[in-house]
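Engineer: how would this look folded up:
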Amino acid sequence: MPAFSRSPRILILSASVGAGHLRAAQALEAAFAAGDFPGEAKHLDVLRYTNPAFRTLYSQGYLELVNKAPDLLGWLYDRLDVPWKSHRLQQAFEKINLSPFVHLLTALRPDFALCTHFLPAGIIAWLRRKGRLALPQAVVVTDFDVHALWLLRDVEHYFVAREEARAYLEGAGVPVERISVTGIPIDPIFATPRNKASARRLHGLQDDLPTILLSVGGFGLDGAAKILECLLAVRHPLQVVAVAGARAEVRSRLQRVVAAAPPRHRVQALGFTTAMDELMAAADLLVGKAGGLTSSEALARELPLLIVNPIPGQEERNSDHLLEVGAALRCNNLSTLSWKVENLVADRDRLTRLRERARAAARPRASFDIVDRMTTLLRTTPPEGLAPLPVQEAGRGKRSAKSPR
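Structural biologist: From the prediction side, this is the model:
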């Protein structure tokens, strides 16, 4: 069982469903440790406190849908996006399989919970309604949009990425004083500016070549190789850094593509790296998906994005936001990827405008801003929490999957 050395105690709760929720929680844990927070904050992945079958189903099931049935994932995302609608069978299934987590919460009895996934937030809300736990909690939404699954009555505070998310919550009945627009929490290292030329020298990159950072997470083995091949078909000389992540087979496949690269390009394929903030500082363009954490990190490094085939659901909504603020381009067909990059690197003024818009949309201190607000909440929130949020009629305000946001 995790131990605490001093109080007040905050449990930062995430779920390892994709990397973003965990990274947000880790960023918050680092920000609490780096600041003047008068207590201790610890991060727990709730899926570590369940049975192996449920853990695999919950985390790997999502990845299977991403890779093999993205349209089904998008359909489910929209189908479940009904404010305040109760999914009782789903909730019962989660409660049964998360009983070790429930026992952990009742034994630890922290002073506040800070959730970067709706799964632990929903369990805490249920325990409060049953009178089994009096635990104030705040929710950190890790995408630019707010899905209805994040809406829970027993939440003291919401942290959201942008003003439109605040407006959505207000429209759903959440009082404005229980909402903070902070941005999505990213590693505190992104709050420290980096010089582009220095970052390039650090990684052996030339100053005079357009630099593309390719993040292949979420594309799969064949998709990652195909995207790199499209980049290498660009006629203008480029330097490309392709980050494969932890999967050795993906890096191996990319390295074979690199070996056949035209001599006009300088290309390298990396595996897992802890230097994404440096690589983002060195790059002129990020090619990849529109995950909430990766997009927020790119904005913090003033790095425009070229979003390739965003996953239906939250990635499409993230993509809508990035396009709306003018910090990104979108490619829906790999056959046009080379053309898009070719035109962009030839138009430095356009690339500069994208960079300026990325800078304007960035919130590099989101983690610290959440810590500051949590410090205030700890002083002002009663131990039993605030009154439950009002519930509107289920189905009111349902969003259409057909209409742009």
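Engineer: show me where the stretch 301-405 of the chain has helices.
Structural biologist: Counting by DSSP state H, counting those that start in this stretch, the segments of the stretch 301-405 of the chain that form helices are 314-324, 337-346, 348-361, 366-380.
Engineer: can I get the ones you listed in TSV with mean pLDDT, mean neighbour count and distance to A261?
Structural biologist: C-beta coordinates here come from the backbone N, C-alpha and C atoms, glycine included. Formatted as TSV, the helices of the stretch 301-405 of the chain follow (pLDDT from 0 to 100; neighbours: other Cβ atoms under 10 Å; distance: least, Cβ to Cβ, whole Å):
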stretch	mean pLDDT	mean neighbour count	distance to A261
helix 314-324	95	22	28
helix 337-346	95	18	14
helix 348-361	97	16	22
helix 366-380	95	19	37
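Engineer: these: which one's closest to D187?
Structural biologist: The closest of the helices of the stretch 301-405 of the chain to D187 is helix 366-380. By Cβ to Cβ, the value is 7.4 Å.
Engineer: which strands and helices sit next to the closest one?
Structural biologist: Applying 3 or more Cβ pairs under 8 Å, 6 or more residues apart in numbering; DSSP states H and E, one finds that helix 366-380 contacts helix 20-34, strand 112-115, strand 137-140, strand 157-160, strand 179-181.
Engineer: the shortest one - contacts with which helices or strands?
Structural biologist: Just to be clear, that refers to strand 179-181. Under the contact criterion of 3+ Cβ pairs under 8 Å, 6+ apart, strand 179-181 touches strand 157-160, helix 163-171, helix 366-380.
Engineer: ok now that strand, how far from the chain's centre?
Structural biologist: Relative to the chain's own centre, strand 179-181 is displaced by 17 Å; criterion: Cα atoms, centre = their mean, to the nearest Å.
Engineer: for the longest one, same thing?
Structural biologist: Computed by Cα atoms, centre = their mean, the chain-centroid distance of helix 20-34 equals 12 Å.
Engineer: quick one: buried residues of it?
Structural biologist: Residues of helix 20-34 classed as buried by neighbour count (16 or more other Cβ atoms under 10 Å): 20-32.
Engineer: of those, which one scores lowest on pLDDT?
Structural biologist: Within the buried residues of helix 20-34, pLDDT reaches its minimum at G20, with 89.
Engineer: not counting residues beside it along the chain, what's closest to that residue?
Structural biologist: The shortest distance from G20 to any residue other than its chain neighbours is 4.3 Å, reached at L293 (Cβ to Cβ, 6 or more residues apart in numbering).
Engineer: the one you found reaches I184, doesn't it?
Structural biologist: Yes - using Cβ atoms under 8 Å, L293 is in contact with I184, at 6.3 Å.
Engineer: what's the burial count for the residue nearest to G20?
Structural biologist: Neighbours of L293 under the rule other Cβ atoms under 10 Å: 22.
Engineer: nearest to R266, out of the helices of the stretch 301-405 of the chain?
Structural biologist: Judged by Cβ to Cβ, the one of the helices of the stretch 301-405 of the chain that comes nearest to R266 is helix 337-346, at 13.9 Å.
Engineer: picking up where we left off before, go through the buried residues of helix 20-34 and say which is closest to L334.
Structural biologist: Minimum distance to L334 across the buried residues of helix 20-34 is 24.0 Å, recorded for G20 (Cβ to Cβ).
Engineer: tell me the contacts of that closest one?
Structural biologist: Contacts for G20 (Cβ atoms under 8 Å, 6 or more residues apart in numbering) come out as T142, D143, G291, G292, L293, T294.
Engineer: not counting sequence-adjacent ones, nearest residue to the third one?
Structural biologist: This means G291. Leaving aside its chain neighbours, G291 sits nearest to G20 (5.3 Å; criterion: Cβ to Cβ, 6+ apart).
Engineer: separation between the one you found and P185?
Structural biologist: Taking Cβ to Cβ, to the nearest Å as the measure, G20 falls 10 Å from P185.
Engineer: what of V345?
Structural biologist: In terms of Cβ to Cβ, V345 sits 32 Å off from P185.
Engineer: what does Y49 give?
Structural biologist: Y49 sits 22 Å away from P185, going by Cβ to Cβ.
Engineer: which of those two has more neighbours?
Structural biologist: P185 (33 against 18).
Engineer: am I right that E94 is in contact with L119?
Structural biologist: Yes - between E94 and L119 there is a contact at 6.6 Å, judged by Cβ under 8 Å.
Engineer: contacting residues around whichever helix in the chain runs longest?
Structural biologist: What stands out as the longest helix in the chain, according to DSSP state H, is helix 52-68. With contacts defined as Cβ under 8 Å, 6+ apart, helix 52-68 is touched by 15-18, 47-48, 50, 72-73, 76, 97-98, 119, 218, 220, 311.
Engineer: need the max-distance pair from the residues you listed.
Structural biologist: The widest separation within those (Cβ to Cβ) is 29.8 Å, between L98 and G220.
Engineer: pick out whichever of these two has more residues nearby.
Structural biologist: Neighbours were counted for L98 and for G220 using other Cβ under 10 Å; L98 has more, 25 against 16.
Engineer: next, count neighbours for the nearest residue to that one once chain neighbours are set aside.
Structural biologist: Nearest residue to L98, sequence neighbours excluded (Cβ to Cβ, 6+ apart): T50, at 5.2 Å. Residues lying near T50 (other Cβ under 10 Å) number 22.
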